[in-house]
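S.K.: Model the following, please.
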Amino acid sequence: MIIKELNGKKPAFGENCFLAENCVVIGDVTMGDNCSVWYNAVIRGDVHTIKIGNKVNVQDGVMIHATYKKSPTHIGNSVSIAHNAIVHGCTVHDHVLIGMGAIVMDDCVLEANSIIAAGAVVTKGTIVKSGSVYAGTPAKKIKDVDEDLLEGEILRIADAYVKYASWYKE
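M.R.: Residues are numbered from 1 along each chain as shown. As a prediction, this is how the structure comes out:
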C-alpha cells in the first residue's frame, strides 16, 4: 500500500481500519473507525481535504478526489462506495450506497439514506434528497428508499464490509 504524506499533510486513520496491500491514500485524508480501503482504490487528498467517517467501505478500484481550493470531499458514516465508482469534490451524508461504476461529481450533496444506482452519473451540483434512489445518465430520482432497501442493502452492505475486512486481519 502507498500511504503518502504530501505538502505537510499526512493521512490519518481511526481504529480497526483495513487497507489493502495495493491501495493508495495520499495527503489530507482523515478516516474514522472500522473503515476499509480495498484493492486498487485511490484516495488522493493532494488538492483539497477528504474526510471520511466511520464504517465506510471504499471498494476495489474506487477513486476519491477533490477539486483544488474549491470542492473538498466529505463522506459520512456507514457509507458503501462500490467497485470502480468515482467520488469527486462532493458531500455524502450517512447511510448512503454508491453503486458500482457510479460517478458523483463536484458540489453534489447526497443526503442520508440514499442510493446511487450502479453506472449512474450524478452531475455537478445535484442534490440527492434523503431517502431517494437515483439512476441513469444524468442521474434522476427513480423511487424512494423503503425499509427493505435501507436495511437490506444500505446498512447490510456497510456492516458486511466490516466483517469482510476482519477476514484479512486474521
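S.K.: Any stretches of the chain with poor pLDDT?
M.R.: 170 (pLDDT under 70).
S.K.: State which helix of it is the longest.
M.R.: Looking across the chain with DSSP state H, the single longest helix is helix 156-167.
S.K.: Any idea which residue is closest to the centre of this protein?
M.R.: residue 81 (4.3 Å; C-alpha atoms, centre = their mean).
S.K.: Okay, and the beta partners of that one?
M.R.: With DSSP bridges as the criterion, residue 81 is bridged to residue 58, residue 98.
S.K.: separation between it and residue 27?
M.R.: Going from residue 81 to residue 27 by C-beta to C-beta, to the nearest Å gives 18 Å. In short, each C-beta sits where N, CA and C put it, glycine included.
S.K.: Check which helices and strands the longest helix of the chain sits against.
M.R.: Packing partners of helix 156-167 (3 or more C-beta pairs under 8 Å, 6 or more residues apart in numbering; DSSP states H and E): strand 36-37, strand 57-58, strand 80-81.
S.K.: pull the longest strand from the chain.
M.R.: The residue-count maximum for a strand in the chain (DSSP state E) belongs to strand 42-52.
S.K.: Let me have the helices and strands packed on helix 156-167 in a markdown table, adding distance to residue 101 as columns.
M.R.: Converted to a markdown table, the helices and strands packed on helix 156-167 look like this (distance: least, C-beta to C-beta, whole Å):
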| stretch | distance to residue 101 |
| --- | --- |
| strand 36-37 | 18 |
| strand 57-58 | 14 |
| strand 80-81 | 11 |
